[in-house]
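Undergrad: Okay, structure incoming, though there's no sequence with it:
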DNA sequence: CTGAAAGCGCTTACAG
DNA sequence: CTGAAAGCGCTTACAG
C-alpha cells in the first residue's frame, strides 16, 4: 500500500506548503477562498484522511474517554450498563470523541490497579458506570484525569456524578399506585444496601406520607444480602395489594414467586419496578416501571467531562436526571367505583 | 497541573538523554543493566506514563480497532453483539490494542458512509459484527484497512470471516433430540433468509438423513419475513414432538405460543435453540441450546486482524468456530423403555 | 554502552 | 494571503 496521503502531499501537488493546506482544511483565516476551495477538493480526490495522532501529539489530548464498568455489572443477563456504554459512545462520537470500554476486574479494583488506558495516556478522562469501592474512587481521584461517575454517588467522596432521580422516580410511581386505589403497598429492597435503593425507598415513603398512609414495617421486604446477592423474598403475613420493587429484576423475581403461589399479576397483586431494563419487557405481564433516561444522562456526563478537560478545576457535584414512568400491564386499578 | 512527565524529564534528572531512557524502558539492547534499572525506578517514582500518540505518529498505527455493529442488531433486547464487543474489547486490551465501538446507522449503511473513525485514522482495522448489506461490504473492501467479519459470511464477497459452526451445531443438537427418542422433529426458521439459518437447517437435515428420517415439508416452519421481521409461526396439522429453532429468541416465542395453546414444555414438546443468548436463560424452562463460543471467536478474529495489519495482503477466508451444547430443561426423553 | 540527528504529520506564532 | 521555523514525544539508524 502506498503511504497515506498527508497535507504535505496535497500541498506539493498545488505548489503551496502544508501550513496553507492545514489552514484551508480547518477553515482558518489566511487563505484565499479560491485556494481553500481548490485544496478541499483536491484533498477529497486524493482521499486525504486527517491524522488524529498528530493532533494528539500537539495538544496532548487523545480525544478518547475511558468508560469503566466493574465486571460484576457485566454478563449476558446484565446488559444495562453496556447499553449505557453504547449511548455514551454515540454521544462522544458526535463530539469527535471516542469511548474506550474497560471492564474493571474485581482483583484490579481491590489492588487499586489503574487500567492500561491510563498508563498509556490513551484517554483524556474517565466515565465510571455504577458503584465502585471507595478505595478505588480515591485512587481515581488521586490521579489528575477528569472523572465523572454515573448511576452512583457517594457522599464522602466529593465526586462529580450523574445519577437518576431515584427519589422522585419512586415517589411518582408510588403516587401512581395510590391513584389506582392501592393503600397497602410494600417496598421490596434492602434499604441498607445501596444509596440508590435508599433513595427509592425514601421516595416511596414520601408518597405514603403525603397520602397519610402509615409506613408498615412488615411491608419493607428485603431482597438481597449485604453482598448484593439476591435472597428469597419473605412475603408478610398480611399481604399488600401492591409492591414497589427497587428494580425491574427484583420485580421479575417477585412476580415469578407470586405466580408459584398461584397468584396472578395484576389481577391479584400490582407490581411496579424501576430502571426499564430488559426485565421490564420480558416479564409477563410487562412491567410498569420508571425509565432511567440513559441518553440524557450520557449527554450530561459527557458535557461535564468536556468542561473538566478544558478546565481542570471544574466541579459539578451531583446532578439528578429525572426518568419517566413507562406504563405497561402490571398495575390494576382497584378503586371502588 | 504540571505537564505530563516525559522521557526527557527522566533523562535530565539522571543526566542522560531521552534515547537511553527510551531504550531502557523498552528493554532494548545498549543500556547497562544498572542504568536500565535506575531509569525504570525513576520513571515509576516520577509517575511516567507512556505517550501512545508519539508512537502512533512514528509508525502510523493507532493501536485501535473499530468494532462496527449495524444498529438494527442493537437495543435493550438485543445485547448479544454488545456482549461480543465486550469480549473483543477484552482480548484487544490484552494485546495492547483497544476497541472503539461504532454503531452503524442504517442511513449510513445505505449511503455507504464510512464512520468517522475511518476518516480520522482512528483505527488500524475493522471488525464487523453481524450481517451488513453487500454494497457496504464492497465499500469496506475498497478501503485499504484490514477488515474481519464476525458471525456473518457472504460467499461472493471474498471476505475474511469468523463464524460459528452453524452446520455442525445444528447437526449435534438434532442428534441429541434423536438420541432422546424424537423422530418427528420440526425446524423453525426462514431457510431463505440468512446464510446462518440455512446452514443450521442443513445441519438439522444432515442429522435426519443419517438417521433415515424423512424430511417432512410440513415440518419446516417459517419464523420471519424477508425483512427479518418475526411473523406468527404456523404450527402444522400433525404436530411434531420436538422443535429445532434457528435461534433462542424464536424458541422463546415458540414456547410462549405453545403455552398459550395450553401445552407444556418439555412434557408435551421438546424445544431447542441456538446461540445461548439471554433468551435461553429467561425462557421457562431454560433452553437446551448451542452455545456460540464468543471468546474463541473473538480471539480468532483479533488474531486475523493483527496478522493483516502486519501483512496487508494476508487472506484468511472463512473459519468456523465450534460451539458446545448447553443442556437445560427443554428436552424430554421420550424413548420407550 | 551512549547520544546527535532526523523524522512521524500536524499546528502555532511569527515574519514577510 | 502565504510560508519558514519550531515543537509535540518518541524511536530508528547510525556514529562514536
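TA: Right, received. Where do you want to start? Everything numeric in this text was worked out from a predicted model, so none of it was measured.
Undergrad: The nearest residue to residue A:291 once chain neighbours are set aside: neighbouring residues, count only.
TA: Excluding its sequence neighbours, the residue lying closest to residue A:291 (CB to CB, 6 or more residues apart in numbering or on different chains) is residue A:276, at 3.7 Å. The way it works is simple: take the backbone N, C-alpha and C, and place the C-beta from them, glycine included. Neighbour count of residue A:276, defined by other CB atoms under 10 Å in any protein chain shown: 24.
Undergrad: wait, residue A:276 sits on residue A:292?
TA: Yes. Counting by CB atoms under 8 Å, residue A:276 touches residue A:292, with 6.3 Å between them.
Undergrad: shared neighbours of the two, anything?
TA: The overlap between the contact sets of residue A:276 and residue A:292 (CB atoms under 8 Å, 6 or more residues apart in numbering or on different chains) consists of residue A:323.
Undergrad: Are there helices or strands packed against the helix or strand harbouring residue A:168, and which ones?
TA: Taking DSSP states H and E as the criterion, residue A:168 maps to helix A:166-179. Applying 3 or more CB pairs under 8 Å, 6 or more residues apart in numbering or on different chains; DSSP states H and E, one finds that helix A:166-179 makes contact with strand A:185-188, helix A:195-210, strand A:242-245, strand A:270-272, strand A:289-291, strand A:318-321, strand A:324-326.
Undergrad: buried set for it?
TA: By 16 or more other CB atoms under 10 Å in any protein chain shown, the buried positions in helix A:166-179 come out as A:166-178.
Undergrad: Looking at those, spot the one nearest residue B:6.
TA: Of all those, residue B:6 sits closest to residue A:166, with 44.6 Å by CB to CB.
Undergrad: what's the distance between the closest one and chain B?
TA: Going from residue A:166 to chain B by CB to the nearest CB, to the nearest Å gives 20 Å.
Undergrad: do the same with residue A:142
TA: 10 Å.
Undergrad: Tell me how many other residues crowd that residue.
TA: Using other CB under 10 Å, residue A:142 has 9 neighbouring residues.
Undergrad: okay, now the residue lying closest to residue A:39 once chain neighbours are set aside: neighbour count?
TA: Nearest-residue entry for residue A:39: residue A:24, 3.9 Å, with adjacent residues in sequence omitted and distances by CB to CB, 6+ apart. Number of residues near residue A:24 (other CB under 10 Å) recorded here: 26.
Undergrad: now the one 4 residues further on
TA: Residues within reach of residue A:28, counting by other CB under 10 Å, total 12.
Undergrad: got a list of what it touches?
TA: residue A:22.
Undergrad: how near is it to residue A:21?
TA: Separation of residue A:28 from residue A:21 (CB to CB, to the nearest Å): 11 Å.
Undergrad: next one: residue A:135
TA: Residue A:135 is 50 Å from residue A:21, by CB to CB.
Undergrad: Comparing the two, which residue is more hemmed in?
TA: Taking other CB under 10 Å, residue A:135 and residue A:21 do not tie; residue A:21 has more neighbours (27 against 12).
Undergrad: so what's that one scoring on pLDDT?
TA: If you check residue A:21, the pLDDT there is 92.
Undergrad: need the contact list for it.
TA: Here residue A:21 is in contact with A:7, A:8, A:10, A:11, A:14, A:39, A:43 (CB under 8 Å, 6+ apart).
Undergrad: Would you mind checking those residues for buried ones?
TA: By 16+ other CB under 10 Å, the contacts of residue A:21 give A:7, A:10, A:11, A:39, A:43 as buried.
Undergrad: Closest one to DNA strand D out of the contacts of residue A:21, please.
TA: residue A:11 (7.0 Å; CB to the nearest atom of the strand).
Undergrad: need the next SSE after the strand or helix carrying residue A:57, C-terminal direction.
TA: Residue A:57 belongs to helix A:52-59 when elements are defined using DSSP H and E. Counting by DSSP H and E, the next helix or strand C-terminal to helix A:52-59 is strand A:64-70.
Undergrad: would you list the helices and strands packed on helix A:166-179 in TSV and tack on mean pLDDT, mean neighbour count and distance to DNA strand D?
TA: Listed next are the helices and strands packed on helix A:166-179 as TSV, based on pLDDT from 0 to 100; neighbours: other CB atoms under 10 Å in any protein chain shown; distance: least, CB to the nearest atom of the strand, whole Å:
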stretch	mean pLDDT	mean neighbour count	distance to DNA strand D
strand A:185-188	98	24	53
helix A:195-210	95	20	40
strand A:242-245	98	28	51
strand A:270-272	98	27	54
strand A:289-291	97	26	44
strand A:318-321	95	17	33
strand A:324-326	96	15	46
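Undergrad: Which of these sits closest to residue A:86?
TA: strand A:289-291 (16.1 Å).
Undergrad: Residue of chain A nearest DNA strand D, please.
TA: Evaluated by CB to the nearest atom of the strand, chain A has residue A:30 as its residue closest to DNA strand D, separated by 2.7 Å.
Undergrad: secondary structure class for the closest residue to that residue other than its chain neighbours?
TA: Leaving aside its chain neighbours, residue A:30 sits nearest to residue A:23 (5.5 Å; criterion: CB to CB, 6+ apart). Secondary structure assignment for residue A:23 (DSSP: H, G, I helix; E, B strand; the rest coil): helix.
Undergrad: and the gap between residue A:23 and chain B?
TA: Distance from residue A:23 to chain B, by CB to the nearest CB: 19 Å.
Undergrad: Show me the contact partners of the helix holding residue A:57.
TA: A:61-63, B:51, B:53-54, B:56-57, B:60, B:62, B:120-122.
Undergrad: Let's have the residues you listed in JSON lines, adding distance to DNA strand D, neighbour count and pLDDT.
TA: Listed next are the contacts of helix A:52-59 as JSON lines, based on distance: CB to the nearest atom of the strand, whole Å; neighbours: other CB atoms under 10 Å in any protein chain shown; pLDDT from 0 to 100:
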{"residue": "A:61", "distance to DNA strand D": "11", "neighbour count": "17", "pLDDT": "92"}
{"residue": "A:62", "distance to DNA strand D": "12", "neighbour count": "25", "pLDDT": "94"}
{"residue": "A:63", "distance to DNA strand D": "15", "neighbour count": "19", "pLDDT": "95"}
{"residue": "B:51", "distance to DNA strand D": "4", "neighbour count": "19", "pLDDT": "93"}
{"residue": "B:53", "distance to DNA strand D": "7", "neighbour count": "24", "pLDDT": "93"}
{"residue": "B:54", "distance to DNA strand D": "3", "neighbour count": "14", "pLDDT": "93"}
{"residue": "B:56", "distance to DNA strand D": "8", "neighbour count": "22", "pLDDT": "92"}
{"residue": "B:57", "distance to DNA strand D": "4", "neighbour count": "15", "pLDDT": "91"}
{"residue": "B:60", "distance to DNA strand D": "11", "neighbour count": "13", "pLDDT": "89"}
{"residue": "B:62", "distance to DNA strand D": "14", "neighbour count": "25", "pLDDT": "94"}
{"residue": "B:120", "distance to DNA strand D": "17", "neighbour count": "18", "pLDDT": "93"}
{"residue": "B:121", "distance to DNA strand D": "15", "neighbour count": "20", "pLDDT": "93"}
{"residue": "B:122", "distance to DNA strand D": "18", "neighbour count": "23", "pLDDT": "95"}
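Undergrad: Can you tell me which of those is nearest DNA strand C?
TA: The closest of the contacts of helix A:52-59, once distances to DNA strand C are taken by CB to the nearest atom of the strand, is residue B:57, at 3.8 Å.
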